[in-house]
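Student: my questions concern the predicted model and sequence given below.
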Amino acid sequence: MKTSAHATSRTLVKDAHRATAPREHIHLQGWVRTRRDSRMLSFVELNDGSCLRGMQIIVNATLPDYASLMQRSATGASISVHGQLVPSQGSGQRWEVVARDYTVIGEVDAAYPLQKKGHTLEFLRAHAHLRARTNLFGAVFRMRSRLAFAVHEFFQQRGFYYVHTPIITASDCEGAGEMFNVTTLDLATPPRTPAGEVDYSRDFFGQRTSLTVSGQLEGETYACALSNIYTFGPTFRAENSNTSRHAAEFWMIEPEAAFLDLDGDMQLAEDFVTHLIRDTFEKGAEEMAFFNQYVDKGLISRLEFVLTRPFQRCSYTEAVRILDAATTHGRVWERDVKWGDNLQSEHERFLTEEHFKSPVVVHDYPRALKPFYMRANDDGRTVRAMDVLVPGVGEIIGGSQREERLDVLLSNLGAHGLDAHEYAWYADLRRYGTVPHSGFGMGFERLLMFATGMANIRDVIPYARTPGNAGF
């Protein structure tokens with residue numbers, strides 16, 4: 001019995017392009033990108049988001065209701081096509097589909113904003129609910145999906161367990177206070193203590209709570225039971241920063257490993273970065289070529305730079321000496337740096353792009369620059385911290401060996417003005433079988449900016465949350 005064309009299961013465009021032979025029956029569904037009409041037929045480009053390229057549909061004028069169908073097949077309309085996959089008569093494509101049955105599923109209003117013309121990134125941000133239909137953002141978000149899988153693949157292959165840490169927390173991992181409060185209290189008339197302060201004991205959780213800035217502290221507790229764990233989830237920071245590199249909501253990748261010192265932590269971070277970049281080349285070649293041509297013409301060479309050149313390791317103190325020497329030889333910085341200052345992006349890029357000409361891991365930072373949980377060195381001035389620097393971006397990973405000594409940890413909490421009682425559960429790790437342990441954090445959006453060449457964090461996250469903007 002011959003199979004009806006209408007019984008053919010749907011084929012994704014990416015799979016149709018991979019066909020090794022013509023097919024008598026094929027079923028495609030997607031959205032109209034463009035349509036070009038001639039006297040006897042129309043050429044419709046169908047794209048379903050599965051790959052960068054669309055599939056050309058040949059619609060003959062002999063098809064029933066041809067004129068009406070084409071009038072309704074404006075850019076953005078959704079269509080369903082049954083037809084024959086045949087070798088393309090045009091250049092630049094191997095296959096095309098000759099339609100036997102053509103249906104318009106959803107017509108598009110004349111006000112559809114994504115017409116066949118160039119749109120600015122600002123315009124597309126204002127239409128974030130539609131921008132994934134463009135070539136650029138379709139490629140960005142396919143890359144986001146692919147790299148998310150690569151993150152899990154890396155850690156799972158190395159025996160790390162995926163742990164879900166809380167989104168709502170009473171702990172401030174960074175100690176900076178830049179956290180979003182979570183409350184069910186009536187903000188107009190909140191209950192007050194006798195001292196006149198908001199009485200959070202009457203709130204939903206019985207105490208003041210916030211959205212997490214990091215799952216690290218909770219992750220450490222699981223590393224000290226399961227040995228190797230990682231978290232990968234949303235984090236939040238109420239930092240009123242309107243730069244191209246900051247967002248109020250972003251995703252963090254945070255591995256933690258017991259019995260791992262700083263040297264092991266740096267090696268893990270280096271291996272992680274190279275794994276992710278290699279994955280983009282092996283599994284995202286089409287998108288990479290697109291980004292290199294239309295977004296950042298130096299992208300592929302910059303990523304190959306990281307893959308082919310061994311990482312160099314350099315102490316913070318040595319990095320400052322190198323930057324001082326560059327200043328002596330006439331290098332002018334937007335912000336000069338002296339020992340005890342944070343390195344700026346221009347300094348980090350100089351180290352990778354000009355001095356070492358390779359990716360760089362800077363380690364042993366001044367103690368005053370870093371949070372309470374980083375292990376203090378014996379010099380009393382520095383901690384066992386590290387940052388991975390790459391060309392074009394600067395810092396892409398930050399991590400450290402964690403402080404495993406109870407007395408030093410308690411002293412650090414006090415020095416940072418934190419209540420040791422609130423961190424008693426965290427300190428328990430140092431009371432009950434303490435071990436050296438280390439970890440790091442990578443902002444997933446920072447990685448995506450590096451891998452795609454996109455210059456603004458708003459363009460690598462589906463719906464950006466930034467100061468003054470929580471649209472969609």
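Tutor: Alright, I've got the coordinates. These figures come from a predicted structure and were not determined experimentally.

Student: CA only for contacts and neighbour counts going forward, please
Tutor: Fine.

Student: now the helices: where do they sit in the chain?
Tutor: Along the chain, counting by DSSP state H, helices occupy 13-17, 66-71, 121-125, 135-157, 216-226, 262-283, 285-294, 299-308, 316-328, 345-350, 406-415, 424-431, 444-452.

Student: most tightly packed of those?
Tutor: Most buried of these, by mean neighbour count (mean count of other Cα atoms under 10 Å): helix 444-452, with a mean of 22.

Student: can you give the contact residues for that one?
Tutor: 140, 143-144, 245, 250-253, 277, 280, 288, 291, 295, 299, 303, 392-393, 396, 454-457, 460-461 (Cα atoms under 8 Å, 6 or more residues apart in numbering).

Student: cool, stretch 340-353 as well?
Tutor: Here stretch 340-353 has contacts from 319, 323, 333-335, 337, 357-360, 366, 368-369, 389-395, using Cα under 8 Å, 6+ apart.

Student: before we move on, what about stretch 255-275?
Tutor: With contact meaning Cα under 8 Å, 6+ apart, stretch 255-275 is reached by 150, 154, 216, 219-220, 223-224, 227-231, 306-307, 311, 361, 384-386, 388, 397, 399-401, 435-441.

Student: what do you get for stretch 13-30?
Tutor: Against stretch 13-30 from outside (Cα under 8 Å, 6+ apart): 5-6, 8-12, 46-51, 53-55, 78-87, 94-95.

Student: can you say which of those are buried?
Tutor: When neighbours are counted using 16 or more other Cα atoms under 10 Å, the contacts of stretch 13-30 contain these buried positions: 5, 12, 46-49, 51, 53-55, 78-85, 95.

Student: so what's Ile79 bridging to?
Tutor: Per DSSP bridges, the residues bridged to Ile79 are Gly30, Val104.

Student: now Arg381: how far from Thr183?
Tutor: 39 Å (Cα to Cα, to the nearest Å).

Student: show me what contacts Met55?
Tutor: Met55 neighbours (Cα under 8 Å, 6+ apart): Val13, His17, Glu45, Leu46, Asn47, Trp95, Glu96, Val97.

Student: of these, just say which sits nearest to Gly106.
Tutor: Nearest to Gly106 among those, counting by Cα to Cα, is Leu46 at 13.6 Å.

Student: any idea how far the closest one is from Asn469?
Tutor: 33 Å.

Student: with Gly76 instead?
Tutor: According to Cα to Cα, Gly76 stands 27 Å off from Asn469.

Student: looking at these two, which is more packed in?
Tutor: The neighbour comparison of Gly76 against Asn469 (other Cα atoms under 10 Å) goes to Gly76, with 24 against 10.

Student: quick one: residues contacting that one.
Tutor: Contacts for Gly76 (Cα under 8 Å, 6+ apart) come out as Trp31, Val32, Arg33, Glu107, Val108, Tyr112, Leu114.

Student: swap in 7 Å and give it another go.
Tutor: Counting by Cα atoms under 7 Å, 6 or more residues apart in numbering, Gly76 makes contact with Trp31, Val32, Arg33, Val108.

Student: follow-up on the earlier one: take the contacts of stretch 13-30 and keep only those in strands.
Tutor: Among these, the members found in strands (DSSP state E) are 46-47, 55, 78-87, 95.

Student: and those, which two are furthest apart?
Tutor: Ser78 and Pro87 (24.3 Å).

Student: so how far is Pro391 from the spatially closest residue to Ala289 that is not a sequence neighbour?
Tutor: With Cα to Cα, 6 or more residues apart in numbering as the criterion, Ala289 has its nearest non-adjacent residue at 7.9 Å, and that residue is Ile300. Ile300 is 12 Å from Pro391, where distance means Cα to Cα.

Student: do the same with Arg431
Tutor: Applying Cα to Cα to Arg431 and Pro391 gives a distance of 42 Å.

Student: ditto for Val163
Tutor: From Val163 across to Pro391, the span is 31 Å (Cα to Cα).

Student: neighbour count winner among those two?
Tutor: Using other Cα under 10 Å as the criterion, Val163 and Pro391 rank with Pro391 on top: 23 against 18.

Student: what sits against that one?
Tutor: Arg302, Arg349, Thr352, Glu353, Pro359.

Student: neighbours of Ala110, how many?
Tutor: With other Cα under 10 Å as criterion, Ala110 counts 10.

Student: same deal with the one 10 residues further on?
Tutor: Neighbours of Thr120 under the rule other Cα under 10 Å: 7.

Student: next one: Arg245
Tutor: Arg245 has 14 nearby residues by other Cα under 10 Å.

Student: isn't it up against Asn456?
Tutor: Yes - if you go by Cα atoms under 7 Å, Arg245 and Asn456 touch, sitting 6.2 Å apart.

Student: pLDDT (mean, whole number) over stretch 399-419?
Tutor: Mean per-residue pLDDT for stretch 399-419: 95.

Student: how long is that stretch from one end to the other?
Tutor: Using Cα to Cα, one end of stretch 399-419 lies 23 Å from the other.

Student: ok, residues contacting that stretch?
Tutor: By Cα under 7 Å, 6+ apart, the residues outside stretch 399-419 that reach it are 261-262, 372-376, 384-387, 420, 427, 430-431, 434-441.
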